[in-house]
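In: Here is a sequence with its predicted model. Questions after.
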Amino acid sequence: MHNDTPVIAPIQRILQNMTRWILISLSFTFTTFNVGCGNVAPSSHEDVRHFKAVGVMYGRYLSSHAGKPPASEKELREFVETKGASTLKRFGLTDSEALFVSPRDKQPLVWVFQGSDTNRVIAYEKQGLEGLRVVVTAFGTVEELSEEEFRSRVK
């Protein structure tokens, strides 16, 4: 009797992985057009677009690397430089370097590459503006947090 079980199990795993990454990709696509629910988004439309681009490029990286986050900012930068031109242009950014600097405090963004929770902060402003810092989550949500909220979210 012929047994198909050894062939079916790998195919099921492949389909499960494909489904998971399709859902992650779709979630980043949908979050491109909406801002976080919990807190106020940055007041400037350009600022929101900038930080949304951060989330989208991070999501594209995950999609291109089977859900594995970059090991360093350098790794993410290389990805953005080689594969991000059209996405950056869509968000009004002229070069890849601009993605890594906050338009509000003009400081380099701080990146957090460990963890797997979709609500975790992946990037945030070093100083912020007027006592508020913008954070971007792994899900692509952009939020403006007070220092107290920031300290409780970013450890």
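Out: Good, I have the coordinates. Residues are numbered from 1 along each chain as shown.

In: where along this protein do the strands fall?
Out: Applying DSSP state E to the chain gives strands spanning 110-111, 121-124, 132-137, 142-146.

In: quick one, the third one and strand 142-146 angle?
Out: In terms of direction (axes from the mean of the first three to the mean of the last three Cα atoms, to 10 degrees), strand 132-137 departs from strand 142-146 by 140 degrees.

In: Could you measure from the most centrally placed residue in the chain over to Arg133?
Out: Residue closest to the mean C-alpha point of the chain, counted by Cα atoms, centre = their mean, is Gly55 at 2.9 Å. Relative to Arg133, Gly55 is positioned 15 Å away (Cβ to Cβ, to the nearest Å). C-beta: built from backbone N, CA, C; applies to glycine.

In: same thing with Val101?
Out: Separation of Val101 from Arg133 (Cβ to Cβ): 14 Å.

In: same thing with Ser146?
Out: Counting by Cβ to Cβ, the gap from Ser146 to Arg133 is 8 Å.

In: With neighbour numbers in mind, choose between these two.
Out: Neighbours were counted for Ser146 and for Arg133 using other Cβ atoms under 10 Å; Arg133 has more, 25 against 14.

In: Might you report the residue contacts of the residue nearest to the more buried one when sequence neighbours are not counted?
Out: Nearest residue to Arg133 in three dimensions, chain neighbours excluded: Glu125, at 4.5 Å (Cβ to Cβ, 6 or more residues apart in numbering). With contact taken as Cβ atoms under 8 Å, 6 or more residues apart in numbering, Glu125 is in contact with 102, 104-105, 107, 109-110, 133-135.

In: follow-up on the earlier one: of the strands of the chain, which approaches Val48 most closely?
Out: strand 142-146 (6.0 Å; Cβ to Cβ).

In: just checking, what packs against the closest one?
Out: helix 45-64, strand 132-137 (3 or more Cβ pairs under 8 Å, 6 or more residues apart in numbering; DSSP states H and E).

In: Serialize the ones you listed to a markdown table and add fields for distance to Thr82 and mean pLDDT.
Out: Converted to a markdown table, these look like this (distance: least, Cβ to Cβ, whole Å; pLDDT from 0 to 100):
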| stretch | distance to Thr82 | mean pLDDT |
| --- | --- | --- |
| helix 45-64 | 10 | 91 |
| strand 132-137 | 21 | 94 |
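
In: between these, which gets nearest to Asn119?
Out: With Cβ to Cβ as the yardstick, what comes closest out of those is strand 132-137 (5.5 Å).
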